[in-house]
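> Here is a sequence together with a model predicted from it:
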2 protein chains.
Amino acid sequence: MLLEHARGPNNNGCNLPASLAEQIGSYEPLVRRILAAFDGGPLSGTTYSALAEFVDWFGHRIVGSESLEAGIDHLVESLEAAGVDRVWTEPVETPVWIRGKEEAFLVEPRRVPLAVLGLGGSVATPPGGITAPVVVVRSFEELDRRQDEVNGTIVLFNPEWIDYFQYVPHRSQGASRAARYGAVGALIRSATSKSLYTLHTGMLRYDSTVPKIPAASVTVEDADFLTRLADRGSRVVVHLEMSNNHSQGVSRNIIADIVGSVHPEQFVILGAHTDSWDVGQGAIDDGCGVFIGLAAMAYVRRLQQRPRRTLRLVLWTSEENGLVGSAEFVRKHRDEMGNISLALESDFGTFAPLGLTTTSENNVTRCILQRVLSLLAPIGATRLEDAGQRGSDVVKLAELGVPASILLNRNERYFDYHHTHADTVSALNSRDMDRCAALWTAVGYIVADLREMLPRN
Amino acid sequence: MLLEHARGPNNNGCNLPASLAEQIGSYEPLVRRILAAFDGGPLSGTTYSALAEFVDWFGHRIVGSESLEAGIDHLVESLEAAGVDRVWTEPVETPVWIRGKEEAFLVEPRRVPLAVLGLGGSVATPPGGITAPVVVVRSFEELDRRQDEVNGTIVLFNPEWIDYFQYVPHRSQGASRAARYGAVGALIRSATSKSLYTLHTGMLRYDSTVPKIPAASVTVEDADFLTRLADRGSRVVVHLEMSNNHSQGVSRNIIADIVGSVHPEQFVILGAHTDSWDVGQGAIDDGCGVFIGLAAMAYVRRLQQRPRRTLRLVLWTSEENGLVGSAEFVRKHRDEMGNISLALESDFGTFAPLGLTTTSENNVTRCILQRVLSLLAPIGATRLEDAGQRGSDVVKLAELGVPASILLNRNERYFDYHHTHADTVSALNSRDMDRCAALWTAVGYIVADLREMLPRN
């Protein structure tokens, strides 16, 4: 089908063939049933409470922890209990990083404790820690400009806050950029515009051509405090001690299928990740994504009719350590990549749902998704946006040409909680999760049941 | 003057005598000068930066700490440098409470660290701490109803959040209410609706008729976590260890005067407190109140003309430990209480100023204040509200009949930071502080310079 046949001036610029538009429209009664069940009906509140019980019992789930593996076992049992056709795990070799003692304090101009939270993957300090003067920079440009001042120092990155995505390079690359000029440690202001003395961890990546130096986040408040001291011309000296432990380990991806009635070898994937950072409960990142996936699978399993193709839940492990689980998944399942109609991912919160993103530039695919989302009008989740840089594990599939979508939701506050001690179920609410679960169920079922796979770019 | 003469249908229901209205109106050029100086003029930013330098250098200032006494010395020097006519300190005997080690963790159903922040004045646990089952209650009514379950337990108070003032009794009385039924410890959810795993401390008060038991705040997240566990029927056991130290000490109130030109024995007071809790920087509670007072004194001192009556800055100590400094102040200055025209207090933040409260039920006084505030229209700070229960140190003066006002400001976020590690200058902004300082200067000067004292009730 040519592009100009699919888009027109009306109907979101779409002009799908009548039979296809009609087919999608025929799911309207099903979507109404799904919404009625989740949004005020018998399933109302069940997704949130299942998540709460899970995170209250297992807590956060960093790769390498017993709690992650016990949580994975529990999820497998839950999926078996829900009656999916098959559920299994696949081993994933992964780096393991376990936080040890962390302590920091200002030494000069006076002794003040500084809250720190090591960045994931950071090396430890030498035993006894490091004590060094601090150089404060606002940007990589300033670091480069002041490179002569950096040798033997701890560099504090205190970039102006624009958004998370413009912030992240400071966290991921800051340590190695500073090490290139001889820094012995790095501190990074936490990733938020809404701090209540709140520490945000997250992954760093070392450049293999320079020495690895320890790196930790500090609160916005302390970053600003140290910056003010430096701006006044004070000599600022900080002591930092970290005793993290690095090793290799094995975790597991979970895969669960409801086998398709017509094209069992074709898939629609619902994805999320089981691991979390070792702070809070890992409820918004990404317990909630896991549990709307479980809810959708359980609902579809109870329907009279299977979808035409296989609905597959994939719960990746070791997302936080660098998309390790999804990388292993695409390695092991590479032959299936051409058979995945759509990969859906929820890893940016399950606040009030708004719609989906799409990586697709194929107009028919976009128009199909738009038409499917139009059925979600009763909950206002009809928006289709370009994925842009958004997506985490699903990016590994999208790189291989799989059409991918992430759950759009009112997650303006997501990054307030992200990678902090405040990532608990208290940050979520039950009704929003119900509606996200309903959207997941509806889109997952419909796209799996369409007569054709979504066309690719 | 009769009430009906002062109020009328127009002009905020006020009908002040023409000469008085005219007199107040004559300050309009002065107010314009004050606003021009602070709000974008040469003094713009100076109040905030003076506060920042102070709290960055001295940090928080709990009663009994060296930092509080060094901070008091610094403030005295600053007032001398500003050229006030006299500045001195008055000793205040006060309870001293110093936080020691604090640790808590969930023991059953599984081991989880719990962040705790002891309540001010709490007794320590026995060495080694206490381990006890937890009873969760939502209210004092529920505590009374379930009193038979409380003996030997730690009671967790997790009241529904309405506002700070309805919350406070749980913090201040919870421990003793629980101890009456045999509890061995108390945990209290933190005082906020906006938690990022944020601990809020604050004073408790023991009832002398029951044993004193240790009490600490927990985060909203952990309070909800323990509540969910209990609601599911789990046995919940917590370990709590606290090693606080109680003693008696001496701190100091600061008093600084710009002596009145006509009635040196009469006063308008600008008040705030120097001490803070031992978390954050004590910037919003109450460093900011201290520094708008300093700014006002410095401005008035530089004017050609002294006000008719004495403008007195009083910086109380040991407010947090129970209004100890202001109680001593009224004891020592009882003879002057009849000569205080108005006592102004800033202890609820210096966000964008809105006006003043008043304790006065005297219609002329209210109308005068209303008319004075009308001069602050350029910054929108014209509101006069009943004080109600609002006020802290100034309440001690109001109890003796002194007309009292507190600074009304857009402090909706004040209690997000209040008594937490996030009480730093990062919570404030420079422009709002400039405008609060301008309001303080204008109202302080004008009321001190009016021909008559404000009439009392």
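Right, received. Where do you want to start? Numbers count the residues shown, from 1 in each chain, chains lettered A, B, ... in the order given.
> Quick one: check the strand or helix carrying residue A:227 for contact with chain B.
In the assignment (DSSP states H and E), residue A:227 maps to helix A:220-231. Yes - judged by Cβ under 8 Å from any Cβ of the partner chain, helix A:220-231 comes into contact with chain B through A:220, A:221, A:224, A:225, A:228, A:229. No exception for glycine: its C-beta is placed from N, CA and C like everyone else's.
> OK, contacts around the spatially closest residue to the last one that is not a sequence neighbour?
What sits nearest to residue A:229 in space, not counting adjacent residues and going by Cβ to Cβ, 6 or more residues apart in numbering or on different chains, is residue A:236, at 5.0 Å. Residue A:236 is in contact with A:106, A:108, A:109, A:133, A:134, A:136, A:226, A:229, A:230, counting by Cβ atoms under 8 Å, 6 or more residues apart in numbering or on different chains.
> Kindly recompute the last result at 7 Å.
A:108, A:133, A:134, A:226, A:229, A:230 (Cβ atoms under 7 Å, 6 or more residues apart in numbering or on different chains).
> and what of residue A:251?
A:63, A:68, A:69, A:92, A:94, A:317, A:318.
> Please give the element, helix or strand, for the closest residue to the second one other than its chain neighbours.
The spatial neighbour of residue A:68 that comes closest, neighbours along the chain excluded (Cβ to Cβ, 6+ apart), is residue A:61 at 3.8 Å. Secondary structure from DSSP H and E places residue A:61 outside every helix and strand.
> Was I right to think residue A:61 contacts residue A:274?
Yes - counting by Cβ atoms under 7 Å, residue A:61 touches residue A:274, with 6.4 Å between them.
> Give me the common contacts of the two.
Joint contacts of residue A:61 and residue A:274 (Cβ under 7 Å, 6+ apart) are A:68, A:71.
> which bits of chain A sit near chain B?
A:52, A:56, A:59, A:112, A:195-198, A:220-221, A:224-225, A:228-229, A:416, A:420-422, A:424, A:426 (Cβ under 7 Å from any Cβ of the partner chain).
> Buried subset of those residues, written for PyMOL?
Filtering the residues of chain A next to chain B down to the buried ones (16 or more other Cβ atoms under 10 Å in any protein chain shown) takes a single PyMOL command:
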select buried, chain A and resi 52+56+59+112+195+196+197+198+220+221+224+225+228+229+416+420+421+422+424+426
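> Any chance you could list what contacts the helix holding residue A:227?
Contacts for helix A:220-231 (Cβ under 7 Å, 6+ apart): A:109, A:114-115, A:134, A:136, A:156, A:158, A:189-190, A:192, A:195, A:197, A:236, B:52, B:56, B:422, B:424, B:426.
> Can you tell me which of those end up in strands?
A:114, A:134, A:136, A:156, A:189 (DSSP state E).
> Which one (most neighbours) among the residues you listed?
The residue in these with the most neighbours, by other Cβ atoms under 10 Å in any protein chain shown, is residue A:189 (27 neighbours).
> picking that back up, and the next helix or strand after the helix holding residue A:227, what other elements does it pack with?
Next along the chain after helix A:220-231, taking DSSP H and E as the criterion, comes strand A:237-242. Under the contact criterion of 3 or more Cβ pairs under 7 Å, 6 or more residues apart in numbering or on different chains; DSSP states H and E, strand A:237-242 touches strand A:102-108, strand A:130-137.
> Please work out the average pLDDT along strand A:237-242.
Mean pLDDT, strand A:237-242: 98.
> That strand pairs with which strands?
In the sheet, strand A:237-242 lines up against strand A:102-108 (antiparallel), strand A:130-137 (antiparallel) (DSSP bridges).
> does residue A:50 count as helix, strand or coil?
Classification of residue A:50 using DSSP: H, G, I helix; E, B strand; the rest coil returns helix.
> right, and it touches residue A:291 too?
Yes - taking contacts as Cβ under 7 Å, residue A:50 lies within contact range of residue A:291: 5.5 Å.
> give the contact list for the residue most central in space within chain A.
For chain A, residue A:347 is the residue whose C-alpha lies nearest the centre (Cα atoms, centre = their mean; 3.5 Å). Contacts here follow Cβ under 7 Å, 6+ apart; on that basis residue A:347 touches A:272, A:273, A:286, A:289, A:392, A:393, A:406.
> and the helix or strand where the first one lies, which residues are buried?
Read it as residue A:272. Here residue A:272, judged by DSSP H and E, is contained in strand A:263-273. Under the neighbour-count criterion of 16+ other Cβ under 10 Å, strand A:263-273 has A:263, A:266, A:267, A:268, A:269, A:270, A:271, A:272, A:273 buried.
> and the residues you listed as TSV, adding pLDDT?
Shown next, in TSV, are the buried residues of strand A:263-273 (pLDDT from 0 to 100):
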residue	pLDDT
A:263	98
A:266	98
A:267	98
A:268	98
A:269	98
A:270	98
A:271	98
A:272	98
A:273	98
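> Now do the helices in the stretch 51-200 of chain A.
A:66-82, A:140-145, A:164-179 (DSSP state H, counting those that start in this stretch).
> repeat for the stretch 251-400 of chain A
According to DSSP H, counting those that start in this stretch, the helices that the stretch 251-400 of chain A contains are A:288-302, A:324-332, A:363-374, A:394-398.
> so which of those helices is the most packed in?
helix A:288-302 (a mean of 26; mean count of other Cβ atoms under 10 Å in any protein chain shown).
> How about residue A:21, nearest residue that isn't a chain neighbour?
Leaving aside its sequence neighbours, residue A:21 sits nearest to residue A:371 (Cβ to Cβ, 6+ apart; 6.2 Å).
> What residues of the lengthiest helix in chain A count as buried?
Counting residues, the longest helix in chain A under DSSP state H turns out to be helix A:430-449. Judged by neighbour count using 16+ other Cβ under 10 Å, the buried positions of helix A:430-449 are A:430, A:432-449.
> elements contacting it?
Counting by 3+ Cβ pairs under 7 Å, 6+ apart, helix A:430-449 packs on helix A:28-38, helix A:46-58, strand A:263-273, helix A:288-302, strand A:309-316, strand A:340-345, strand A:353-358, helix A:363-374.
> who are the neighbours of the second one, in terms of helices and strands?
Helix A:46-58 sits against helix A:66-82, helix A:288-302, helix A:430-449, helix B:220-231, with contacts defined as 3+ Cβ pairs under 7 Å, 6+ apart.
> again with the longest one
Under the contact criterion of 3+ Cβ pairs under 7 Å, 6+ apart, helix A:288-302 touches helix A:46-58, helix A:66-82, strand A:245-258, strand A:263-273, strand A:309-316, helix A:430-449.
> could you redo the last one with a cut-off of 8 Å?
helix A:28-38, helix A:46-58, helix A:66-82, strand A:245-258, strand A:263-273, strand A:309-316, helix A:430-449 (3 or more Cβ pairs under 8 Å, 6 or more residues apart in numbering or on different chains; DSSP states H and E).
> now the nearest residue to residue A:297 once chain neighbours are set aside, which residues is it bridged with?
Distances taken as Cβ to Cβ, 6+ apart put residue A:313 closest to residue A:297, at 5.1 Å, once the chain neighbours are dropped. Listed by DSSP bridges, the beta-bridge partners for residue A:313 are residue A:256, residue A:270.
> dump the residue contacts of the closest residue to chain B within the stretch 251-400 of chain A.
Chain B sits closest to residue A:280 of the stretch 251-400 of chain A, with a gap of 7.0 Å, by Cβ to the nearest Cβ. Residues near residue A:280 by Cβ under 8 Å, 6+ apart: A:60, A:417, A:420, A:421, A:422, A:423, A:424, B:197, B:221.
> Tell me the spacing between the closest residue to it other than its chain neighbours and residue A:282.
Among residues not flanking residue A:280 along the chain, residue A:423 sits closest, at 3.3 Å (Cβ to Cβ, 6+ apart). Distance, residue A:423 to residue A:282, using Cβ to Cβ, to the nearest Å: 6 Å.
> what touches both of the two?
A:60, A:276.
> Please name the residues that touch residue A:195.
Per Cβ under 8 Å, 6+ apart, neighbours of residue A:195: A:219, A:220, A:221, B:196, B:422, B:426.
> hmm, which two among those are most spread apart?
B:196 and B:426 (13.8 Å; Cβ to Cβ).
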